[in-house]
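Q: Predicted structure and sequence below. I'll ask about it afterward.
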Amino acid sequence: MTELTDRYVFAATRFVADQDEREELDRELRERIADTVDDHRSAGLGPDEAEVRALTELGDPLRLSAAYRERPMYLIGPRYYFAWQRVMVIALATAPWVVGVIDLIVALSEGEPIGTVIAGTIITIVIVALHVAFWTTLGFAIAERATSPDDSPHLWTPDRLPQLPESTGRGKLGDLIASLVFLVIVAGLLVWQQFGSLVVVDGERIPVLEPALWRSWIPVMFLLLALEAVHAVWVYRTGWTWPAAIVNLPISLVWGALLGWLFVSDRLLNPDFLDRVGLTPDIVDHSKPYVLAVLAIIIAWEIGDGLYKAYRQRPGAPDQRRTDRS
């Protein structure tokens, strides 16, 4: 079987929770696809064309899966389920965390007690996640019922199949090397900005960051970089497991909260450096919302990407079974 067939079977079995049922559906689909491909090849089609024709005739894999299992999805039908699932994953992996990081930074900058800050951030993330899930599902449920079952605005083709997820187990050596090189560069920049800054006044280099941070928060940054390096090695050795994704969450949140708080409280950048490069306090103040927004998006992406990879590589997932079989 080719990758196209693997993608079709993966799409049809990815949401089947029971392992025995999933394996049975996998086997039946592959047999049916093979028989259909043989029929088309007997009719004179080439291997690739016969496979595409067979998968096109079978139609939407999620709809076929529901028919095989005799378990129709009453709230969100097969016609919209793929789109709903894709939107939910993206929205839940970004929106709650972006809002949560912003709320965390704002609360810290206002000097609220740390317990109140943490509790408020957790509540904010949960509330936003609930709103995202509810309104997204409601919108697709309305679309499901407002459209006639016979309407086919977009004819299904194999081009719409999802890509196969990365295999589980050990991570990629290239990813590990890239992560470690990036962390070394960041650590080097922290040192360079202090001793190698390009802004020189009377023969003295003006650091980019507030020099007082070396007695407080820059050592914390180096500690976080070390934790990031350990985490990268962990992911390389085990893949993106749920524990690896969960550990990634507080590391990312601490980075976001620390940098955001230092920036909005005017403790991150060296005032002498800002003055020498022409960045007035007004310019810095006006830039704060944009900097915080970018920082929140980056942190949300880091967290969401880790959780999504752990979900795709969870034990018992279709791709894990496929890897074991190969």
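A: Arrived safely.
Q: hey, where'd the helices end up in the stretch 101-250 of the chain?
A: Listed in chain order, the helices of the stretch 101-250 of the chain (DSSP state H, counting those that start in this stretch) span residues 114-146, 173-195, 217-238, 242-264.
Q: Report how many residues lie close to residue 226.
A: 12 (other Cβ atoms under 10 Å). To be clear about C-beta, it is placed using only N, CA and C from the backbone, and glycine gets the same treatment.
Q: Please tell me how far it sits from residue 52.
A: 50 Å (Cβ to Cβ, to the nearest Å).
Q: Tell me where the protein is predicted with low confidence.
A: Across the chain, residues meeting the criterion (pLDDT under 70) sit at 1, 17, 69-75, 77-79, 109, 114-115, 147-156, 160, 162-171, 314-326.
Q: got the domain boundaries for it?
A: 3-69, 78-160, 173-325 (automatic domain parsing).
Q: Show me how far the second one is from its chain's centre.
A: Per Cα atoms, centre = their mean, to the nearest Å, the displacement of domain 78-160 from the mean C-alpha position of its chain is 13 Å.
Q: who are the neighbours of whatever helix or strand residue 34 lives in, in terms of helices and strands?
A: Using DSSP states H and E, residue 34 falls within helix 19-42. Under the contact criterion of 3 or more Cβ pairs under 8 Å, 6 or more residues apart in numbering; DSSP states H and E, helix 19-42 touches helix 3-13, helix 47-58, helix 61-69, helix 318-325.
Q: What residues of the third one count as buried?
A: By neighbour count with 16 or more other Cβ atoms under 10 Å, helix 61-69 contains the buried residues 61, 62, 63, 64, 65, 66, 68.
Q: Could you dump those residues into a markdown table with distance to residue 112 added?
A: Converted to a markdown table, these look like this (distance: Cβ to Cβ, whole Å):
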| residue | distance to residue 112 |
| --- | --- |
| 61 | 50 |
| 62 | 46 |
| 63 | 50 |
| 64 | 53 |
| 65 | 49 |
| 66 | 49 |
| 68 | 54 |
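Q: Which residues belonging to stretch 183-191 are considered buried?
A: Neighbour counts using 16+ other Cβ under 10 Å place 183, 190 of stretch 183-191 among the buried residues.
Q: Quick check: the gap between the residue with the largest distance to the centre of the chain and residue 245.
A: Most distant residue from the mean C-alpha position of the chain: residue 202, 47.8 Å away (Cα atoms, centre = their mean). Residue 202 sits at a distance of 50 Å from residue 245 (criterion: Cβ to Cβ).
Q: same deal with residue 3?
A: For residue 3, the distance to residue 245 equals 27 Å [Cβ to Cβ].
Q: In terms of neighbours, single out the busier of these two.
A: residue 245 (20 against 11).
Q: Please report how far that one lies from residue 102.
A: 22 Å.
Q: Also residue 236?
A: Per Cβ to Cβ, residue 236 is found 32 Å from residue 102.
Q: so what's the residue lying closest to residue 29 once chain neighbours are set aside up against?
A: Excluding the flanking residues, the one nearest residue 29 by Cβ to Cβ, 6 or more residues apart in numbering is residue 9, at 5.2 Å. By Cβ atoms under 8 Å, 6 or more residues apart in numbering, the contact list for residue 9 reads 26, 29, 30, 33, 61, 318.
Q: Now render those residues as a markdown table, adding distance to residue 188.
A: Formatted as a markdown table, those follow (distance: Cβ to Cβ, whole Å):
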| residue | distance to residue 188 |
| --- | --- |
| 26 | 49 |
| 29 | 52 |
| 30 | 52 |
| 33 | 53 |
| 61 | 48 |
| 318 | 42 |
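Q: Now for these: which two are most distant?
A: Maximum pairwise distance in the contacts of residue 9, criterion Cβ to Cβ, is 15.3 Å, between 33 and 318.
Q: out of the two, which sits in the more crowded spot?
A: Under the criterion of other Cβ under 10 Å, the comparison of residue 33 against residue 318 puts residue 318 first, with 24 against 20.
Q: How far away from the center of its chain is the helix holding residue 34?
A: 32 Å.
Q: Got phi/psi on residue 207?
A: With angles defined as degrees, to the nearest 10, residue 207 sits at phi -60, psi 150.
Q: hmm, who's touching stretch 117-128?
A: Against stretch 117-128 from outside (Cβ under 8 Å, 6+ apart): 95, 96, 97, 99, 100, 103, 104, 107, 108, 112.
Q: Quick check: PyMOL command selecting the buried ones in those residues.
A: Applying 16+ other Cβ under 10 Å to those, the buried members can be selected in PyMOL as follows:
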select buried, resi 95+96+97+99+100+103+104+107+108
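Q: thinking again about what came up before, which positions in the helix holding residue 34 come out as buried?
A: In helix 19-42, counting by 16+ other Cβ under 10 Å, buried: 22, 25, 26, 29, 33, 36, 37, 40, 41.
Q: want to throw those into TSV with distance to residue 255?
A: Output for the buried residues of helix 19-42, formatted as TSV (distance: Cβ to Cβ, whole Å):
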residue	distance to residue 255
22	38
25	42
26	41
29	44
33	47
36	52
37	50
40	54
41	55
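Q: quick check, nearest of those residues to residue 221?
A: The closest of the buried residues of helix 19-42 to residue 221 turns out to be residue 22 (Cβ to Cβ; 45.0 Å).
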